[in-house]
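**Q** build me a structure from this.
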Amino acid sequence: MTDALASQPLLLALLCGLVALLALAFCTWLASFAKRDVSIVDSVWPAMILLAGGVYAVVPLAPTERTWWVLAWLAVWATRLAGYITWRNWGEGEDHRYQAIRARNQPNFEWKSLYLVFMLQAVLAWTVSLSLLAAVGSERPWGWLDTLGVAAVVFGIVFEAVGDAQLAAFKALPENRGKVMNRGLWRYTRHPNYFGEFCVWWGFYLMALSAGGWWAVVSPLLMSVLLLKVSGVALLEKDIGERRPAYRDYIARTNAFFPGVPR
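**A** Numbers count the residues shown, from 1 in each chain. Next comes the predicted model:
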């Protein structure tokens, strides 16, 4: 078994990445007991993917130019996102989405959350990280797709960072309480942070594609589904029109995801 894995470095890296993510998820689950807050997993999500990328970079092959570019921008992405989520949620208690999951899975949700929340997040992060494995696990030379991929990653990071900063500044003003944020990037898309994430992961996939890893397309596809249909746009806007009538007008005028001129 060991010899077989040694002869398949990408498979070995993939398995090592999964073990590392499950271990981090388990430790985060233990921490959630003390806090009685499973939403801390959101802050750890970027760290999970960064951990996977680090494992992939050291297990399969000697580092290449592409490896360092991937790791550098992955670290920038993960540090910014984890820092922002932690700052935003500090002192706020458990996120309402996780409160709903907790209510639906009583009794003993604390134990059930190990697989319902933490192990699930680890497996999703592992799947999303496939583009990173494909990108760093190849010795193919740098190509124009790599350059395009880096540009998309940088654009995505900047786009979501600007969107997050604009929203934070808007919420910090007492006179904006209860109002809908429709300025800056939020004038052109209702979810600039999610669109930025979309660009980041399709950018990493372009680098994987340049490395010959066409099969890693499952990574950006999964991220796109999560952003649009699962934990992103669909979940956040499920009943927001009922809770905030002004948001209905915002929906009528503004694209949900891809930026566009307001109607």
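
**Q** show me what the helix or strand harbouring D146 is packed against.
**A** Using DSSP states H and E, D146 sits within helix 144-171. With contacts defined as 3 or more CB pairs under 8 Å, 6 or more residues apart in numbering; DSSP states H and E, helix 144-171 has these neighbours: helix 65-89, helix 192-210. Heads up, the C-betas are built off the backbone N, CA and C, glycines and all.

**Q** hey, which of those helices is tucked in deepest?
**A** Across these, averaging neighbours per residue (mean count of other CB atoms under 10 Å) puts helix 192-210 on top, at a mean of 24.

**Q** could you give me the average pLDDT of the helix or strand just after it?
**A** As assigned by DSSP H and E, the chain's next helix or strand after helix 192-210 is helix 218-225. Summarised as a single mean, pLDDT over helix 218-225 is 95.

**Q** list of residues touching whatever helix or strand comes next after helix 218-225?
**A** The helix or strand immediately downstream of helix 218-225 is helix 233-236, counting by DSSP H and E. Helix 233-236 is contacted by residues R97, R190, H191, Y194, L227, L228, A256, F257 when judged by CB atoms under 8 Å, 6 or more residues apart in numbering.

**Q** look up how far V70 lies from S138.
**A** Distance of S138 to V70, computed by CB to CB, to the nearest Å: 11 Å.

**Q** find the nearest non-adjacent residue to the residue minimising distance to the centre of the chain, please.
**A** What sits nearest the mean C-alpha location of the chain, by CA atoms, centre = their mean, is P46, with 6.1 Å. Among residues not flanking P46 along the chain, A78 sits closest, at 3.8 Å (CB to CB, 6 or more residues apart in numbering).

**Q** measure the one you found to Y84 for me?
**A** As judged by CB to CB, A78 and Y84 stand 11 Å apart.

**Q** who's in contact with the residue nearest to P46?
**A** P46, A47, I49, L50.

**Q** contact partners for the second one?
**A** Yep, that's A47 we're talking about. L24, A78, A82 are the contacts of A47 under CB under 8 Å, 6+ apart.

**Q** tabulate those residues (JSON lines), appending distance to A151 and pLDDT.
**A** As requested, the contacts of A47 are exported to JSON lines (distance: CB to CB, whole Å; pLDDT from 0 to 100):
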{"residue": "L24", "distance to A151": "30", "pLDDT": "97"}
{"residue": "A78", "distance to A151": "19", "pLDDT": "97"}
{"residue": "A82", "distance to A151": "23", "pLDDT": "96"}
